[in-house]
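Novice: Make a model of this:
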Amino acid sequence: MARPYWSGQIQISLVSFGVKLFVATEAKGEIRFHQISRKTGERVRHQKVLASALEDAPDEAAAPVEKDEIVKGYEYRKGEYIAIEPSEIEGLRVPSKHTIEVTQFVGLDELEPEYLEKPYFVVPENDTQAEAFAVVRKALQKSKKAALGKIAFGGREHVLAITAPDDDALPGMMAYTMRYQEELRDPVEYFRDIKKVAVNEDSLELAESLIKKKTAKFDPGKFTDGYEAALKELVEAKIKHAPIPKDEVSTPKRGNVINLMDALRKSVHGGEAAEAKKKPASVKSVPKKGLSLVTASGKSATTGSRKRKSA
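Specialist: Below is the predicted model:
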């Protein structure tokens, strides 16, 4: 097993037990780029140098600063810094570096997705901690609650939500670092210019039917990174000196305007699949605005547009 990212105590009132946290995600991309010179094809490397050396002799190569000579610095006045040593940061008085003190419990449905940041696996520190761990896990599972506390790592203190999976075949717990309220932008600033329209009940019923038709159990294995696949295809083509694959998306041409009701009705009753068969496979229409329906002629029919505001 990999080394834990964090080890410490979970404390709930007078109950405490040791746990270990492991990062639950990993980068799976196969394509890695380096910076190279367009002229020579050689790898470009970056060196850390003194700013004064570049200012005094911009045309001369500056001597690199060794890694052990570099510390963090806080600019308290223009051009003036105080040095902060790693040992000083390590010695900060932050109790959550070692203990997650649970301050409250909340319903799982109260955890808004925009606040969740990164997942971690939580396991007992050792066998002697397993009983308390299992009791708390089962209580969270049955009550459908999450435990909230704080944890310090990675140079900051995070809000942490601890939950128990419904699947008893997975006897561990999950923890999620959360964003602070102040880190989220005000949605009103982005939503206030959306035009208010009356929702037609017939259109709403058809839209609900379309959602029901396309509803399926979530299977994360069905989703793959198409961008990574396209990058791999590009790299392989260049290595083999083959034609470079290009995006086939073309600007959609205006077709016959079909209203929203017709688009929804045909989508619900399978018109979407029937029209897709008639359309040439090499053409991929991506409409810029509104809902669209592909007509028999292969053209995109736009049902309407919405006013957009650039962020």
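
Novice: what packs against the strand or helix carrying V123?
Specialist: Assigned by DSSP states H and E, V123 belongs to strand 116-124. Secondary-structure packing of strand 116-124 (3 or more CB pairs under 8 Å, 6 or more residues apart in numbering; DSSP states H and E): strand 15-23, helix 130-143, strand 156-163, strand 173-178. Every C-beta, even on glycine, is put in place using the N, C-alpha and C of the backbone.

Novice: tally of neighbours for Q129?
Specialist: Neighbour count of Q129, defined by other CB atoms under 10 Å: 18.

Novice: In contact with the closest residue in space to P95 that isn't next to it in sequence, which residues are there?
Specialist: Of all residues not flanking P95 in the chain, E101 sits nearest, at 7.2 Å (CB to CB, 6 or more residues apart in numbering). Listed by CB atoms under 8 Å, 6 or more residues apart in numbering, the contact set of E101 reads Q11, P95, G149, K150.

Novice: Which strand or helix spans A147?
Specialist: Per DSSP H and E: strand 145-153 holds A147.

Novice: Burial check on M173, number of neighbours?
Specialist: 25.

Novice: In this structure it contacts A164, no?
Specialist: Yes: between M173 and A164 a contact is recorded at 5.3 Å, counting by CB atoms under 8 Å.

Novice: shared neighbours, these two?
Specialist: Taking CB under 8 Å, 6+ apart as the criterion, M173 and A164 both touch R137, L140.

Novice: so what's the backbone phi/psi at G91?
Specialist: phi -90, psi 10 (degrees, to the nearest 10).

Novice: hmm, back to that, columns mean pLDDT on top of the helices and strands packed on strand 116-124, output as CSV?
Specialist: CSV is the format used below for the helices and strands packed on strand 116-124 (pLDDT from 0 to 100):
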stretch, mean pLDDT
strand 15-23, 97
helix 130-143, 97
strand 156-163, 97
strand 173-178, 98
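
Novice: Highest mean neighbour count out of those?
Specialist: Among the helices and strands packed on strand 116-124, ranked by average contacts under mean count of other CB atoms under 10 Å, first place goes to strand 173-178 (a mean of 21).

Novice: Determine the angle, from 0 to 180 degrees, between that strand and strand 116-124.
Specialist: For strand 173-178 against strand 116-124, the angle by axes from the mean of the first three to the mean of the last three CA atoms, to 10 degrees is 150 degrees.
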